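Chemist: Need coordinates for the following:
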Amino acid sequence: PIIPLERWSLTIQSSDHRGHTWNWAEFAALPHEDVVSDIHCVTRWSKFETRWRGVSFDTIVDALPWPVEGWVMAHCHGGYATNIALADLVDGRGWIADTYDGEPLPPEHGGPARLFVPHLYFWKSAKWVRRLRVMPTDAPGFWESRGYHMHGDPWTEQRYS
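Modeler: Below you'll find the predicted structure:
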């Protein structure tokens, strides 16, 4: 999908249904970080030293007026969703990326912004992210409910459940 910047938003929803939303201007004003990392696809390809820029999940969590713990379900435009343990997003492990290789993230790669979790298989770095729902317990997303592994660690080859 093509999401115009004036219609883009990112919402964090707590497990008790509180919400916090950033529009594009508010998101763009958050502190951004440059990240250089390898990415790995479940289909057995890797791309080395990719260059990203985005807002760390730590920055997002710090902006919330409630504690965040447990798991996160990333919901995306187009109906896709994936589950991720909060521990895989904090402490400098996850970002909402809006730039790739020095350019704004194009729509075909999830732009204007996507989840970026480089230490997990790339299906966990959900494209076109629009909402992050905090959950007290884990639940499968789109690919996980179709047999992909719930965690997706490429170093232990967690491709399928």
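
Chemist: what's the model's confidence in stretch 65-82, averaged?
Modeler: The average pLDDT for stretch 65-82 rounds to 94.

Chemist: Can you name the residues in contact with that stretch?
Modeler: 1, 3, 12, 14-15, 18, 20, 61, 83-86, 89, 115, 123-124, 126-139, 141-144 (C-beta atoms under 8 Å, 6 or more residues apart in numbering). All C-beta spots, glycine's among them, are computed from the backbone N, C-alpha and C.

Chemist: Can you tell me which of the residues you listed end up in helices?
Modeler: Using DSSP state H, residue 61 are the members of those that sit in helices.

Chemist: tell me what the longest strand anywhere in the chain is packed against?
Modeler: Counting residues, the longest strand found in the chain (DSSP state E) is strand 46-56. Counting contacts by 3 or more C-beta pairs under 8 Å, 6 or more residues apart in numbering; DSSP states H and E, strand 46-56 packs against strand 33-40, strand 95-100.

Chemist: how does it look with 10 Å?
Modeler: With contacts taken as 3 or more C-beta pairs under 10 Å, 6 or more residues apart in numbering; DSSP states H and E, strand 46-56 sits against helix 24-29, strand 33-40, strand 95-100, strand 103-104, strand 114-116.

Chemist: and the second one with strand 95-100, angle?
Modeler: Read that as strand 33-40. Counting by axes from the mean of the first three to the mean of the last three C-alpha atoms, to 10 degrees, strand 33-40 lies at 90 degrees to strand 95-100.

Chemist: Which residues lie in contact with the residue sitting nearest the centre point of the chain in this structure?
Modeler: In the chain, the C-alpha nearest the mean C-alpha coordinate belongs to residue 115, at 2.2 Å (C-alpha atoms, centre = their mean). Residue 115 is in contact with 54, 57, 72, 74, 76, 82, 84, 89, 94-97, 124-129, 132, counting by C-beta atoms under 10 Å, 6 or more residues apart in numbering.

Chemist: Repeat the analysis, applying 6 Å as the threshold.
Modeler: Counting by C-beta atoms under 6 Å, 6 or more residues apart in numbering, residue 115 touches 74, 125, 126, 129.

Chemist: what's the closest of the residues you listed to residue 46?
Modeler: residue 125 (13.4 Å; C-beta to C-beta).

Chemist: Confirm for me that the closest one is in contact with residue 119.
Modeler: No: contact criterion C-beta atoms under 6 Å: residue 125 and residue 119 do not qualify, at 10.2 Å.
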